[in-house]
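**Student:** 3D, please:
(chains A and B)
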Amino acid sequence: MGNRWRLVSGILAVVLVLGAVPAWAATWYVDGALGTDDDTHGTGSDAAAFKTIQYAINDSRVTAGDTINVAAGTYTEDVTISKQVKLIGVPDAGGALPTLVGVTLTKGASTLTLQASASYTTIENMAFVVPDITGDYKSINISVALSNITIKGCKFNASGKFIVTGRSGATAVQITSGSSNITIEDCTFESGYYVTIQGYVSSLTVENSVITNCKSGINLQGGSNLQIENTDISVIAQGADNDTYCVRFASGSGSTSNMTITGGTFTVDKNNLTATYGTYHSAIIIRAGATGTLQANKMNIEGEVVNQSSTTLDATYNYWGDPSGPSGGVADPETSRVANGTGSLVSANVRFDPWLMEEDGTPTEATYTETVPGSGTVDAEDTPEGMGDVTIGATGVHTITTAKYAENPGGTLLHGDAYYDVHLDNAAGVTSLTIAFCPATADTVIWYWDGTNWRPCSDQVFTAGSPSCVVVTITNTTSPNLADLTGLYFGLGGAGDRGDVNNDGVIDVRDVRLILQAALGLVTLTEDEQVLADVNGDGQVTRADAEALARKLIGLVD
Amino acid sequence: MNRFRMKTVVLGGLFALLGMVLSGCFLAPTPPTEATLIFSDLVGPVGGQGEVKVSVAKMPGGGLAGLVVGGESSPGVYVGLKYDPNQFRVTGVELLNNFEILAWGTHDTHPDKIPEGEVRFVAINPVEGAVDGDVALIVGNRLGGANFDFTADKANLQLVDANGASIAAYNVSLGQAPPYYVQGGEQ
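**Tutor:** Numbers count the residues shown, from 1 in each chain, chains lettered A, B, ... in the order given. I've put the predicted structure just below:
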């Protein structure tokens, strides 16, 4: 009897526990086409569902923590959420999300309003379309201070409104002061938001989202901890006296702290407008009240970066729209290198050095840009460590950018030691460019990435001295040639390159015999093989190269 | 069996035994049946020139076209053909047939690179391979008459055939410095 009692009570306990789950996390259904709004519906999909979202939210059976599944279709209604729910759109077979279109068009109206008690609400897989508004409008309005709001997988469309009247238009997500932990992820915003995401918030995260064709992107006016990751923002100016920005951080006064932007592409279309004094059409605007850590890295920035605060913005490791780096003539606050490239403009108090040589490019360790009128030399001190002088023979003014990569930008390079970039703005009027790589040894081979393979530069000569260098000459007839220098990686090969004629990663008797055969004219080496066969680096393949490699093979020389 | 027949049988047996011993010393060794790199016995009188012939037999791929004696056994440590420096001192490596000696060295030529009692060299035939035949001649001074073994680790040898492929499957036959060469001078 005792055992039976324990068994029965155990089963009861399990049933009670399982039965309790729906009581605090029920799932409800809305179907605008098939549902009905009364207290006998909402418990299932299709005809068992509610008809409108607002009825579902208001239904007393729907309590905090519940999920409301919304079937695909268009819902023309204003929605107010005043309890913690998960509003989840269910896409149709074609992937179309349920679309919410507000009905109130007057100034200040919203499609979806989050009110008190709506903290911890999630809005997922819903589409918002701005109706024919007459003034300021919000697609989602967090109207009171709330926390832990997640907006995920949603699509926002401002119907091309941009500016409705004066300085008013639509905002996709408006956040009221005092709110915290707002997360927006995997969302798209398009077609004319005046400001896309805006407000005062502690911890606003926007990630893996896209803002396209809007007047402005994200505007954190106050609070702290703006974090933007892998989000592309493209904006288009709408007025000479109306700010346009991808991100604007802080206000003119007060203190708004900590901004981190990582990855993504910011693009500003000035729309043939010239901003008036005090107006900015910029990728990033840091306003005077910004404090704490300000970072924007690993981005593609095609627009101005303006820092009005006294806190330095770390904008290193970005691509500025041109390999020569940012423009503006200001000095990097740490390296003192001057922004004399032709890329996007930076203001003072912005760290930009080093920058990336291309969009989503390989990280760099150092970058230099020098302008050379006619023929001249960029001294070794103005090139990255591991490079020597770069000398150009040319007419006209040319910009030469040199960089050292932090990692291999191409495919695998056997024995690769270091990687560089030498970028010429254009090859017009240029007859030759010589690049010294120093210090180097007789073993050193300079390679270039042809887009598919690392290949040894055709004209390279080892020059013993202090320091010893390998000097690569580039003309219109070399490999690479001058035209290639508008985007080219160089690799510095280590010991083991020179002599490895068959490029199999091993120097052995086969290589020695090949070199001797080539020296005797018994075999013809390819252009690449000839470079590797030139063991003594004198620019020729002779018996001396075979002998030199033979001595090396048996350890007679270091 | 009478005593004469007994003597005849015993003497016959002794001659047969002597014949077997002598044939072991003086008859040519059985030719290799597999690819073999051969370092001959050291030939030459004490106080005179000694020679070790390097040859090959049954080499594949059109024959041996390149030979490296000496390799990096561990980082920075190279080892070639080793011998007793008290009995023999190499003074050169000479080409045979169409092989060219691109590099060679001993302690005398490279005291900071090669220890005593070791020779390294690279022999290349740029034109053709040798299936059977001579490759190089190691020459030097025979300092003493004591026997010793030449030693070489296969890991420190490299062979390439006439087609440019490595030869990996081969045997190494290493000679000695037997005293009977000393007694009879060059054979």
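
**Student:** now the element after the helix or strand containing A:V372, going C-ward?
**Tutor:** A:V372 is part of strand A:364-373, with elements assigned from DSSP states H and E. Moving toward the C-terminus from strand A:364-373, the next helix or strand (DSSP H and E) is strand A:376-378.

**Student:** adjacent strands (with direction) for the helix or strand that comes right after that following strand?
**Tutor:** Downstream of strand A:376-378, the next assigned helix or strand under DSSP H and E is strand A:387-394. Within its sheet, strand A:387-394 is paired with strand A:376-378 (antiparallel), strand A:430-437 (antiparallel), according to DSSP bridges.

**Student:** from one end of stretch A:238-249 to the other, what's the distance?
**Tutor:** Distance across stretch A:238-249, first residue to last, is 20 Å (CA to CA, to the nearest Å).

**Student:** report the buried residues of that stretch.
**Tutor:** The neighbour-count check on stretch A:238-249 (16 or more other CB atoms under 10 Å in any protein chain shown) flags A:238-239, A:242-249 as buried. To be clear about C-beta, it is placed using only N, CA and C from the backbone, and glycine gets the same treatment.

**Student:** and stretch A:166-177, by the same measure?
**Tutor:** A:168-175.

**Student:** any chance of those residues in TSV, with secondary structure too?
**Tutor:** Compiled in TSV, these are given as follows (DSSP: H, G, I helix; E, B strand; the rest coil):
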residue	secondary structure
A:S168	strand
A:G169	coil
A:A170	strand
A:T171	strand
A:A172	strand
A:V173	strand
A:Q174	strand
A:I175	strand
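
**Student:** among those residues, which ones lie close to chain B?
**Tutor:** Near chain B, judged by CB under 8 Å from any CB of the partner chain, there are no entries from the buried residues of stretch A:166-177.

**Student:** thinking again about what came up before, just want the angle from the strand holding A:V372 to strand A:387-394.
**Tutor:** Interaxial angle, strand A:364-373 versus strand A:387-394 (axes from the mean of the first three to the mean of the last three CA atoms, to 10 degrees): 30 degrees.

**Student:** tell me the SS of A:I515?
**Tutor:** Going by three-state DSSP: A:I515 is helix.

**Student:** got a list of what it touches?
**Tutor:** Counting by CB atoms under 8 Å, 6 or more residues apart in numbering or on different chains, A:I515 touches A:499, A:501, A:533, A:535, A:541, A:545-546, A:549.

**Student:** the residue in chain A that chain B sits nearest to: neighbouring residues, count only.
**Tutor:** Of all residues in chain A, the one sitting closest to chain B is A:G555 (3.0 Å; CB to the nearest CB). For A:G555, the neighbour count with other CB atoms under 10 Å in any protein chain shown is 21.

**Student:** which parts of chain B sit against chain A?
**Tutor:** Near chain A, when you scan chain B using CB under 8 Å from any CB, you find B:65-72, B:78, B:80, B:100, B:102-105, B:110, B:113-114, B:120-122, B:124, B:126-127, B:158-160, B:164-166.

**Student:** and these, which of them are buried?
**Tutor:** Here, 16+ other CB under 10 Å leaves B:65-71, B:78, B:80, B:100, B:102-105, B:110, B:113-114, B:120-122, B:124, B:126, B:158-160, B:164 buried among these.

**Student:** endpoints of stretch B:86-102, how far apart?
**Tutor:** Length of stretch B:86-102, first residue to last, CA to CA: 27 Å.

**Student:** might you calculate how far that stretch sits from the centre of the chain?
**Tutor:** 12 Å (CA atoms, centre = their mean, to the nearest Å).

**Student:** what residues are up against the closest residue to A:L356 other than its chain neighbours?
**Tutor:** In space, and not counting its chain neighbours, A:L356 is closest to A:Y319: 4.1 Å by CB to CB, 6 or more residues apart in numbering or on different chains. By CB under 8 Å, 6+ apart, A:Y319 lies in contact with A:299-301, A:343, A:355-361.

**Student:** narrow the buried residues of stretch A:238-249 to those in strands?
**Tutor:** If you go by DSSP state E, the buried residues of stretch A:238-249 have A:244-249 in strands.

**Student:** check which helix or strand the residue in chain B positioned nearest to chain A maps to.
**Tutor:** Scanning chain B for proximity to chain A using CB to the nearest CB identifies B:Y78 as nearest, at 3.0 Å. With elements taken from DSSP H and E, the one containing B:Y78 is strand B:77-79.

**Student:** quickly list what the residue of chain B closest to chain A is bridged to.
**Tutor:** B:Y78 has the following beta-bridge partners by DSSP bridges: B:E72.

**Student:** and the helix or strand in which B:G66 is found, average pLDDT?
**Tutor:** Element membership for B:G66, per DSSP H and E: strand B:64-69. Mean pLDDT, computed over strand B:64-69, is 97.

**Student:** tabulate the CA atom coordinates of it in PDB.
**Tutor:** What follows is strand B:64-69, C-alpha atoms only, in PDB (Å, rounded to 0.1, in the frame of the first residue of the first chain):
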ATOM      1  CA  LEU B  64      70.500   7.700 -60.900                       C
ATOM      2  CA  ALA B  65      70.900  11.300 -62.000                       C
ATOM      3  CA  GLY B  66      71.700  13.000 -58.700                       C
ATOM      4  CA  LEU B  67      73.100  12.000 -55.400                       C
ATOM      5  CA  VAL B  68      73.400  13.900 -52.100                       C
ATOM      6  CA  VAL B  69      75.500  12.400 -49.400                       C
END
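
**Student:** packing partners for it?
**Tutor:** Other helices and strands packing on strand B:64-69, by 3 or more CB pairs under 8 Å, 6 or more residues apart in numbering or on different chains; DSSP states H and E, are helix A:509-519, strand B:49-57, strand B:118-124, strand B:133-142, strand B:157-161.

**Student:** so of the ones you listed, which one's packed in deepest?
**Tutor:** Counting by mean count of other CB atoms under 10 Å in any protein chain shown, strand B:118-124 has the highest mean neighbour count of those, with a mean of 28.

**Student:** run through who's touching that one.
**Tutor:** A:509, A:512-513, A:516, A:546, A:550, A:553-556, B:54, B:65-70, B:78-83, B:90, B:93, B:95, B:99-107, B:114, B:135-136, B:138.

**Student:** that older thread, from A:D425, how far off is the residue nearest to A:L356?
**Tutor:** Separation of A:Y319 from A:D425 (CB to CB, to the nearest Å): 16 Å.

**Student:** for A:D46, same thing?
**Tutor:** From A:D46 to A:D425 the distance is 64 Å (CB to CB).

**Student:** compare these two and say which is more crowded by neighbours.
**Tutor:** Higher neighbour count among A:D46 and A:D425: A:D425, with 20 against 11, using other CB under 10 Å.

**Student:** not counting sequence-adjacent ones, nearest residue to that one?
**Tutor:** In this structure, A:D425 finds its nearest non-sequential neighbour in A:T399, 4.1 Å apart by CB to CB, 6+ apart.

**Student:** now that neighbour: how far from A:V390?
**Tutor:** 12 Å.

**Student:** now do the contacts for the one residue sitting closest to the centre of chain B.
**Tutor:** By CA atoms, centre = their mean, the mean C-alpha position of chain B lies nearest to B:F39, the distance being 1.6 Å. For B:F39, the contacting residues are B:52-54, B:81, B:138, B:150, B:152, B:172-175, by CB under 8 Å, 6+ apart.

**Student:** ok, now with 6 Å
**Tutor:** B:52, B:54, B:150, B:174-175 (CB atoms under 6 Å, 6 or more residues apart in numbering or on different chains).

**Student:** pLDDT at it, what is it?
**Tutor:** 95.

**Student:** and for the helix or strand harbouring A:Y448, what's in contact with it?
**Tutor:** Using DSSP H and E, the element containing A:Y448 is strand A:446-449. If you take CB under 6 Å, 6+ apart as the criterion, strand A:446-449 is touched by A:410, A:437, A:454, A:456-457, A:460, A:470, A:472, A:480, A:488-491, A:493.

**Student:** so where do the helices sit in chain B?
**Tutor:** Remark: helices assigned in chain B by DSSP state H are B:3-26, B:179-184.
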